[in-house]
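Enquirer: could you look at this predicted model? Sequence included:
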Amino acid sequence: MYCELRPTMSRVNIFKQMDAQNRPAVPVSAPRSPNSIKDALLRWVQSRVAEYPVSVTNFSSSWSDGMVFCALTHRFAPQAFDFASLKPENRQANFDLAFRVAELGVRYSGSSRDRGHDHDGRST
């Protein structure tokens with residue numbers, strides 16, 4: 001694995017780039033209602049952090065201690081920090097860490113599982 005820091009990349013572009021590496025090849029469907037988009041985003045987050053010891057049931061209390069944001073960031077940049085060392089009671093430190101990693105634009109070269117595919121190449 002390698003780590004390339006790109007401090008000039010915006011937050012939006014960082015997440016667009018990370019998502020493009022993990023996007024399954026499915027056609028875009030017809031426009032959806034705001035609630036269905038919110039539900040789809042929630043399901044996407046749940047699928048990305050399923051292997052982490054966090055619970056994502058909403059966009060408020062589930063995110064309040066920074067652990068879900070750290071799990072999501074760690075999912076895309078596992079070499080950036082040790083997720084197991086984080087503690088929910090260190091709320092501010094968790095958010096600071098997740099934002100710092102996302103803002104730096106950590107890029108990695110990982111296994112197929114890290115890119116959103118299981119070991120036989122199917123999209124997860």
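Expert: Alright, I've got the coordinates. Residues are numbered from 1 along each chain as shown.
Enquirer: and Lys87, that's in a helix?
Expert: No - assessed with DSSP: H, G, I helix; E, B strand; the rest coil, Lys87 is coil; it does not lie in a helix.
Enquirer: next one: phi and psi at it?
Expert: phi -130, psi 130 (degrees, to the nearest 10).
Enquirer: likewise Gly66?
Expert: phi 80, psi -10.
Enquirer: verify the stated contact: it with Asn94.
Expert: Yes - assessed by C-beta atoms under 8 Å, Gly66 is found in contact with Asn94 at 2.8 Å. Using the backbone N, CA and C atoms, a C-beta is placed for each residue, glycine as well.
Enquirer: list residues touching both of these two?
Expert: Contact criterion C-beta atoms under 8 Å, 6 or more residues apart in numbering; residues shared by Gly66 and Asn94: Pro88.
Enquirer: what's the helix or strand for the closest residue in space to Arg32 that isn't next to it in sequence?
Expert: The shortest distance from Arg32 to any non-neighbouring residue, by C-beta to C-beta, 6 or more residues apart in numbering, is to Ala40 (7.1 Å). Ala40 is part of helix 34-48, with elements assigned from DSSP states H and E.
Enquirer: tell me the buried residues in that helix?
Expert: Val45, Arg48 (16 or more other C-beta atoms under 10 Å).
Enquirer: and it, what other elements does it pack with?
Expert: Secondary-structure packing of helix 34-48 (3 or more C-beta pairs under 8 Å, 6 or more residues apart in numbering; DSSP states H and E): helix 67-76.
Enquirer: same thing but at 6 Å, please
Expert: Other elements packing on helix 34-48 under the criterion 3 or more C-beta pairs under 6 Å, 6 or more residues apart in numbering; DSSP states H and E are absent; no helix or strand qualifies.
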